[in-house]
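> just the structure for this:
(4 chains)
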Protein chains: 2
Amino acid sequence: MRRERADAARNREAVLAAAARLFAERGDPERVSMDDIAAAAGVGKGTLFRRFGDRTGLIRALIEQRTEELRTAVAEGPPPLGPGAPARERVLALLDALLTFKLDHRPLTLALENAGVGSPYRNETYSVLHTQLAALLTEARKPLSDDADFLAHAMLAAVRADLVDHLSGNGMPEERMRAGLAALCDAVIEA
Amino acid sequence: MRRERADAARNREAVLAAAARLFAERGDPERVSMDDIAAAAGVGKGTLFRRFGDRTGLIRALIEQRTEELRTAVAEGPPPLGPGAPARERVLALLDALLTFKLDHRPLTLALENAGVGSPYRNETYSVLHTQLAALLTEARKPLSDDADFLAHAMLAAVRADLVDHLSGNGMPEERMRAGLAALCDAVIEA
DNA sequence: CAATATACGGACCGCCAGTCCGCTTAGCAA
DNA sequence: TTGCTAAGCGGACTGGCGGTCCGTATATTG
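Take a look at the predicted model:
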């Protein structure tokens, strides 16, 4: 397996950057076509599809790229998000970070989770986060931890991009969401 | 406003039935085109669009139709789902009924929640259920009930069709989901 | 039975994801 | 530097989709 050619690498970055920009600019991911992305990246359509396979592949690549920072912050960053803090604090920190991320990049995360990518659950980032969260829950609430797996899914579902978007759009202020999320964490960990 | 013409009513039912059947038959909602539905219903494409406006409208109509039974069971059926039982039992009953519904009609509910309908939150059924659930939560946990609104959203998110589908597909048995859901209810209501 | 508002249906349109293939070029070896 | 070739490039092209349009048919009413 040869090294990636320089022009290929350049184009790859250009495409990802253009896609992120377009998704962010127009609110609705459905209004961003592959042609748009190719044009904005200054690249031919063939190139784009050669790199990413299809629309889903491109969006998945975007997910990985955009969440890498978050993922490493959780895995090896400073507390309370990273290792070191007590589990229950890390749980809240993790969910809060996710909420912040989705609030800060609403249109983009909407695209990443929904844009006809089939299941939003079929990507590496989700399963990594879920595994971490489930482990933290098990640590934080020693008894009853058979349910940690499901509960972790449920808690992640509480910060899904479309839900956050819906709440935002209907006027729920950010602090209400944070408070609700904190209440959820407390509740789940107390039990 | 005149009464609906007989042929129109007949076609309306035929289209809804055909759509439900097709969504259920093929697993993936994206593999059901409007032409398919029109053909299966024995109806012209124009008729279909005249009735429902667009794809989203058709799917919304399907949602309302298919969840009516559930909605009335909650609003005026026998306990524990309907009025009469203590709030905490009704909360669990409601979520459990939703889970059952989505397990029993996986492909259809997947289509209803996801099939490019924009937000799954923009439909009457969701907001009715959310309102009910939030009220029940407020009743069941008198203090801290500022968060009832958000918590109700979170709990409904825990039984979203694509999550249930993902868990099912990855081998989580039904009882594990029910147990997890029960744990979630307990946790939220205890707090 | 006549009049007409309403509904019907399928040809048609523009758009989009994805393919194909002849052309270009980066990278390497001599 | 030069020549070779695997890799990459791009945009015309295709099939199929959601949605529209409008001439035709029919349910309903008086």
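> longest helix in chain A, please.
helix A:55-76 (DSSP state H).
> buried residues, it. List them.
A:55, A:58, A:59, A:60, A:61, A:62, A:63, A:66, A:67, A:70, A:71, A:74 (16 or more other C-beta atoms under 10 Å in any protein chain shown). Just so you know, the C-beta spots here come from the backbone N, C-alpha and C atoms, and that holds for glycine as well.
> also stretch A:20-36?
A:20, A:22, A:23, A:24, A:29, A:32, A:34.
> quick revisit: so which of the buried residues of helix A:55-76 is the closest to residue A:177?
Ranked by distance to residue A:177 (C-beta to C-beta), the buried residues of helix A:55-76 are led by residue A:70 at 17.8 Å.
> okay, the closest one and residue A:95: tell me how far apart.
12 Å (C-beta to C-beta, to the nearest Å).
> show me what contacts the most centrally placed residue in chain A?
With the centre of chain A defined as its mean C-alpha position, the nearest residue by C-alpha atoms, centre = their mean is residue A:67, 5.8 Å away. By C-beta atoms under 8 Å, 6 or more residues apart in numbering or on different chains, the contact list for residue A:67 reads A:101, A:125.
> mind checking which of the buried residues of stretch A:20-36 are in helices?
Going by DSSP H, the helices hold A:20, A:22, A:23, A:24, A:34 from the buried residues of stretch A:20-36.
> which parts of chain A sit against chain B?
When proximity is defined as C-beta under 8 Å from any C-beta of the partner chain, chain A approaches chain B at A:28, A:30, A:114, A:116, A:118-122, A:144, A:146-147, A:149-151, A:153-155, A:157-158, A:160, A:162-163, A:165-167, A:172, A:176-177, A:179-181, A:183-184, A:186-188, A:190-191.
> tell me which element the nearest residue in space to residue A:167 that is not next to it in sequence falls in.
Leaving out its chain neighbours, the residue that sits closest to residue A:167 by C-beta to C-beta, 6 or more residues apart in numbering or on different chains is residue A:177, at 6.1 Å. Residue A:177 belongs to helix A:174-190 when assigned by DSSP states H and E.
> can you name the next helix or strand after the longest helix of chain A?
Using DSSP H and E, the helix or strand that follows helix A:55-76 in sequence is helix A:87-104.
> now do the buried residues in that next one.
Neighbour-count burial for helix A:87-104, with 16+ other C-beta under 10 Å as criterion, is recorded at A:88-99, A:101-103.
> interface residues of chain A facing DNA strand D?
By C-beta under 7 Å from any atom of the strand, the residues of chain A that approach DNA strand D are A:2, A:4-5, A:7-8, A:10-11, A:42-47, A:49-51.
> next step: the residues you listed restricted to helices.
Those of the residues of chain A next to DNA strand D mapping onto helices are A:7, A:8, A:10, A:11, A:45, A:46, A:47, A:49, A:50, A:51, per DSSP H.
> can I get the buried part of those residues as one ChimeraX selection?
Burial among those is assessed by 16+ other C-beta under 10 Å; the matching ChimeraX selection reads:
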select /A:11,47,51
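> could you redo the ones in helices among the residues of chain A next to DNA strand D as a markdown table and give each row pLDDT?
Below are these laid out as a markdown table (pLDDT from 0 to 100):
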| residue | pLDDT |
| --- | --- |
| A:7 | 95 |
| A:8 | 96 |
| A:10 | 97 |
| A:11 | 97 |
| A:45 | 97 |
| A:46 | 96 |
| A:47 | 97 |
| A:49 | 98 |
| A:50 | 96 |
| A:51 | 96 |
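> next, format the ones in helices among the residues of chain A next to DNA strand D as a markdown table and append distance to residue B:109.
As requested, those are exported to a markdown table (distance: C-beta to C-beta, whole Å):
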| residue | distance to residue B:109 |
| --- | --- |
| A:7 | 46 |
| A:8 | 42 |
| A:10 | 44 |
| A:11 | 40 |
| A:45 | 35 |
| A:46 | 38 |
| A:47 | 38 |
| A:49 | 32 |
| A:50 | 36 |
| A:51 | 35 |
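> rewinding a little: the residue nearest to residue A:167 contacts residue A:99, correct?
Yes - counting by C-beta atoms under 8 Å, residue A:99 is a contact partner of residue A:177 at 6.2 Å.
> mind listing the shared neighbours of the two?
residue A:164.
> pLDDT-wise, which helix or strand of chain A ranks last?
Each helix and strand of chain A was given a mean pLDDT (mean pLDDT, DSSP states H and E); the minimum falls on helix A:106-114 at a mean of 89.
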